[in-house]
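Trainee: let me see the structure of the following:
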Amino acid sequence: MEKNDFMKFARDLYFHKEFTKGEVSGQEAMRNAILDALGGEFTPTSWGKNKYDVFELISEAVDAVVPRLLTDQFANIADVRTVALGEKPIFQVKDPKAIRVGRVAAGDQDIRRQTIKDTHYSIETEDFGASVYTELHQFMTGTVDWSDLIDRVAQAFTNHIQATIAEALNDSYSLLDATDKITGKATLDQIVKLAERIQVKSNSNVEVYGTKAALSKLAEMANVNLYSGSMKDELNQKGYLGVVRGLKLNEIPQAFKVNKDEFALDDNKLLILPEGEKIVGVVMEGDAITVEPDYTGRNDLQMGFKTIERIGIMALQMKVYGMADLG
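Mentor: Predicted coordinates for the structure are as follows:
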């Protein structure tokens, strides 16, 4: 398959598990693609000769899946850019200051000028890697589930980026001006007032973002006993209401901290954003690179690969937004 065709195939297989190609399952089609890259046989010799062709397929599959995963989950709050190696995309933040209107005396054109200074950011990237191993006998008998291995690598990078986005959001709370955040245990009235402030400041409608657990607390504040039957049904089905006091609520998918069995996003924080505003920048620079891991010191019969992505993530601190602590 050509590169673009293979990347489309990898996306279809990841997001549609029942996907078929021709008369075979997607998993079998992936196995066949790996087998073709190995010269038609699963042997240590064919692996030694052709493994870099396999690595190229793995890199292409990961590159096909990870940006789509991130866009699907963080489209509302993160600006995800995929760029060529060496490119440094610029993230622009508009100056939130309103332009003043001043009185002009008759016959006098003088008025104090106001400078609007937009801010530009670039995000530094670093290399991050994920390694996967499989038993040699599984490889030789052709029983390795290649699509599962690739999926796990793609999901590992996605989990890492999710956790880093969560960390950037959590850290940004302490950097906000006191007038743009609510400390302690926020009330619904305070949240509505803060949303109104961000709306006026940004000259745009605003929406509220949080984890499912955080958004459900807003429903509790609004007094469930006063809800209509349809609102109670919505709360029961989604875990939160779509609208509270005229504010549209949006769920941010929860994630685990890297290598920890604990949530990355704070279930007691709400984010208030102008419509269409994105406060996190994510850069994926260059193509993924897949290499053979360092086997120094290993004497077991395993084989594997290590995939490296160049990634940068940063909260765009000069954006107009608010945050509320639910206590």
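Trainee: how about low-confidence regions in the stretch 201-327 of the chain?
Mentor: Low-confidence segments of the stretch 201-327 of the chain (pLDDT under 70): 295-301, 318.
Trainee: would you map the helices across it?
Mentor: 212-221, 229-238 (DSSP state H, counting those that start in this stretch).
Trainee: what's the most buried one of the ones you listed?
Mentor: Highest mean neighbour count of the helices of the stretch 201-327 of the chain: helix 212-221, a mean of 18 (counted as mean count of other C-beta atoms under 10 Å). The way it works is simple: take the backbone N, C-alpha and C, and place the C-beta from them, glycine included.
Trainee: still on that earlier bit, can I get the helices of the stretch 201-327 of the chain in CSV including distance to Ala61?
Mentor: Listed next are the helices of the stretch 201-327 of the chain as CSV, based on distance: least, C-beta to C-beta, whole Å:
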stretch, distance to Ala61
helix 212-221, 30
helix 229-238, 33
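Trainee: Val291 contacts Phe305, correct?
Mentor: Yes: between Val291 and Phe305 there is a contact under C-beta atoms under 8 Å: 7.0 Å.
Trainee: overlap in contacts of those two?
Mentor: Common contacts of Val291 and Phe305, defined by C-beta atoms under 8 Å, 6 or more residues apart in numbering, comprise Phe55.
Trainee: pick out whichever of the two has more residues nearby.
Mentor: Taking neighbours as other C-beta atoms under 10 Å, Val291 and Phe305 compare with Phe305 leading, 21 against 15.
Trainee: check contacts around the more buried one.
Mentor: Taking C-beta under 8 Å, 6+ apart as the contact definition, Phe305 lies against 51, 54-55, 58, 131-132, 290-293.
Trainee: which of the residues you listed fall within strands?
Mentor: 131-132, 290-291 (DSSP state E).
Trainee: what's the farthest-apart pair in those residues?
Mentor: Spatial extent of those (C-beta to C-beta) is set by the pair Val132 and Val291 at 12.1 Å.
Trainee: shared neighbours, those two?
Mentor: Common neighbours of Val132 and Val291 (C-beta under 8 Å, 6+ apart) are 305-306.
Trainee: for the stretch 1-150 of the chain, just list every one of the helices.
Mentor: 3-15, 26-37, 44-74, 136-140, 146-175.
Trainee: what angle sits between the second one and helix 3-15?
Mentor: Helix 26-37 and helix 3-15 meet at an angle of 150 degrees, taking axes from the mean of the first three to the mean of the last three C-alpha atoms, to 10 degrees as the criterion.
Trainee: and helix 26-37, what's buried?
Mentor: 26-27, 29-31, 33-35, 37 (16 or more other C-beta atoms under 10 Å).
Trainee: in CSV: these, plus pLDDT.
Mentor: What follows is the buried residues of helix 26-37, written out as CSV (pLDDT from 0 to 100):
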residue, pLDDT
Gly26, 89
Gln27, 90
Ala29, 92
Met30, 92
Arg31, 90
Ala33, 93
Ile34, 92
Leu35, 92
Ala37, 94
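Trainee: what is the nearest of the residues you listed to Ile123?
Mentor: For the buried residues of helix 26-37, the nearest to Ile123 is Met30 (32.9 Å; C-beta to C-beta).
Trainee: not counting sequence-adjacent ones, nearest residue to the closest one?
Mentor: Ser147 (4.3 Å; C-beta to C-beta, 6 or more residues apart in numbering).
Trainee: now do Ile252
Mentor: Tyr209 (5.3 Å).
Trainee: distance-wise, check the one you found relative to Ile150.
Mentor: Distance, Tyr209 to Ile150, using C-beta to C-beta, to the nearest Å: 31 Å.
Trainee: got it, and Ile289?
Mentor: 15 Å.
Trainee: quick revisit: including distance to Gln199, could the ones in strands among the contacts of Phe305 go into JSON lines?
Mentor: Output for those, formatted as JSON lines (distance: C-beta to C-beta, whole Å):
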{"residue": "Ser131", "distance to Gln199": "47"}
{"residue": "Val132", "distance to Gln199": "47"}
{"residue": "Thr290", "distance to Gln199": "47"}
{"residue": "Val291", "distance to Gln199": "50"}
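Trainee: from the residues you listed, pick the one nearest Val65.
Mentor: Nearest member of the ones in strands among the contacts of Phe305 to Val65, counting by C-beta to C-beta, is Thr290, at 13.7 Å.
Trainee: residues near Val208, how many?
Mentor: 25.
Trainee: ok, now which ones touch the closest residue to Asp145 other than its chain neighbours?
Mentor: Spatial nearest neighbour of Asp145, excluding adjacent residues (C-beta to C-beta, 6+ apart): Gln27 at 6.5 Å. Contacts for Gln27 (C-beta under 8 Å, 6+ apart) come out as 13, 145-148.
Trainee: let me know the closest of the residues you listed to Ile279.
Mentor: Leu13 (32.7 Å).
Trainee: quick one: the closest one and Gly304, what's the gap?
Mentor: Leu13 is 21 Å from Gly304, by C-beta to C-beta.
Trainee: neighbour-wise, which of these two wins?
Mentor: Each of Leu13 and Gly304 has its neighbours counted (other C-beta under 10 Å); Leu13 has more, 24 against 14.
Trainee: correct me, but the more buried one touches Gly26?
Mentor: Yes: Leu13 lies in contact with Gly26 (C-beta under 8 Å); the separation is 4.0 Å.
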